[in-house]
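Q: have a look at this fold, sequence not included:
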């Protein structure tokens, strides 16, 4: 990708969560409007950089667990702008030949992700522009159907994305429709921001997303746990993100990472 290149369909007049997240991960694929919105988050939550890194680390741990459990197909919705430690990179490093489908609704994610397809160490990877709020468009998409075998277990990755689905948009219903299409032995991975730990600061930081392309919804532990109803949770269950199967002692300040997460198997 040429430095400074902007896909013609990319709207740089409004902040987008994927590009804000890229900024928090110290990426370069974001614009002044995204950085301005991110600055408002940082006014109330300077730990946002650490939170993004912790979430990316959880993603890596979850993918390694899933690959170790024999999963060779990953449907990553809300994948975000490609960067180190993403689903495809980790899956292919642990289980070469894994099939990964990346789905996002931001055109810049599509453009940058497709640029990675020329890298043979990341094949086979499929990139689709679609919206989580319309699950049938994802499930029926011809490229998704060509890439994944829906008769074999699939890992559904919803990492840091369900909190951009409002209650009116029915996240539980969306999730049910996605899971119904997956066979027994498939897995669901979720991470989700919360205001359980410091509601005043969390809500002030979340307000920075109100004028972005998608507002952020803070949910308590009970609501996040509800996403796994009917599934078999992997130990340690729904956990405070830094403490989900950590590689070592969580770093200092981990208690200020306002995320819950979990991985569960469809029986």
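A: Here it is on my side, so go on. The structure presented is a predicted model; accordingly, all values stated were derived computationally and were not measured.

Q: just for the stretch 101-250 of the chain, where's the confidence low?
A: Applying pLDDT under 70 to the stretch 101-250 of the chain picks out residues 112, 114-123.

Q: residue boundaries of the helices in it?
A: With helices called from DSSP state H, counting those that start in this stretch, the stretch 101-250 of the chain shows them at 107-115, 135-139, 142-147, 171-180, 199-206, 221-226.

Q: to residue 72, which of those helices lies closest?
A: Residue 72 lies closest to helix 142-147 among these, at 11.8 Å (Cβ to Cβ). (Glycine included, C-beta is placed from N, CA and C.)

Q: quick revisit: can I get the helices of the stretch 101-250 of the chain in JSON lines with mean neighbour count and distance to residue 38?
A: Putting those into JSON lines (neighbours: other Cβ atoms under 10 Å; distance: least, Cβ to Cβ, whole Å) gives the following:
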{"stretch": "helix 107-115", "mean neighbour count": "20", "distance to residue 38": "16"}
{"stretch": "helix 135-139", "mean neighbour count": "17", "distance to residue 38": "28"}
{"stretch": "helix 142-147", "mean neighbour count": "13", "distance to residue 38": "31"}
{"stretch": "helix 171-180", "mean neighbour count": "17", "distance to residue 38": "24"}
{"stretch": "helix 199-206", "mean neighbour count": "16", "distance to residue 38": "10"}
{"stretch": "helix 221-226", "mean neighbour count": "15", "distance to residue 38": "24"}
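
Q: need the longest helix for the chain.
A: Ranked by residue count, the top helix of the chain under DSSP state H comes out as helix 48-68.

Q: helix or strand right after that helix?
A: Once the chain leaves helix 48-68, the next helix or strand it forms, by DSSP states H and E, is strand 73-77.

Q: and that next one, what does it pack onto?
A: On a contact count with 3 or more Cβ pairs under 8 Å, 6 or more residues apart in numbering; DSSP states H and E, strand 73-77 meets helix 87-94, strand 99-104, strand 155-159.

Q: any idea of the angle the shortest one forms with helix 171-180?
A: Think strand 155-159. Calculated by axes from the mean of the first three to the mean of the last three Cα atoms, to 10 degrees, strand 155-159 forms an angle of 160 degrees with helix 171-180.

Q: ok, back up a step: quick one: closest of the helices and strands packed on strand 73-77 to residue 128.
A: Shortest distance between residue 128 and those, using Cβ to Cβ, is found for strand 99-104: 5.0 Å.

Q: in that closest one, what's buried?
A: Across strand 99-104, burial judged by 16 or more other Cβ atoms under 10 Å covers 99-104.

Q: could you dump these to JSON lines with distance to residue 111?
A: Shown next, in JSON lines, are the buried residues of strand 99-104 (distance: Cβ to Cβ, whole Å):
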{"residue": "99", "distance to residue 111": "21"}
{"residue": "100", "distance to residue 111": "18"}
{"residue": "101", "distance to residue 111": "17"}
{"residue": "102", "distance to residue 111": "12"}
{"residue": "103", "distance to residue 111": "14"}
{"residue": "104", "distance to residue 111": "11"}
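
Q: of all those, which comes closest to residue 246?
A: Set against residue 246, the nearest of these by Cβ to Cβ is residue 100 (24.3 Å).

Q: residue 40: neighbour count?
A: 17 (other Cβ atoms under 10 Å).

Q: give the closest residue to it in space, chain neighbours not counted.
A: Of all residues not flanking residue 40 in the chain, residue 208 sits nearest, at 3.7 Å (Cβ to Cβ, 6 or more residues apart in numbering).
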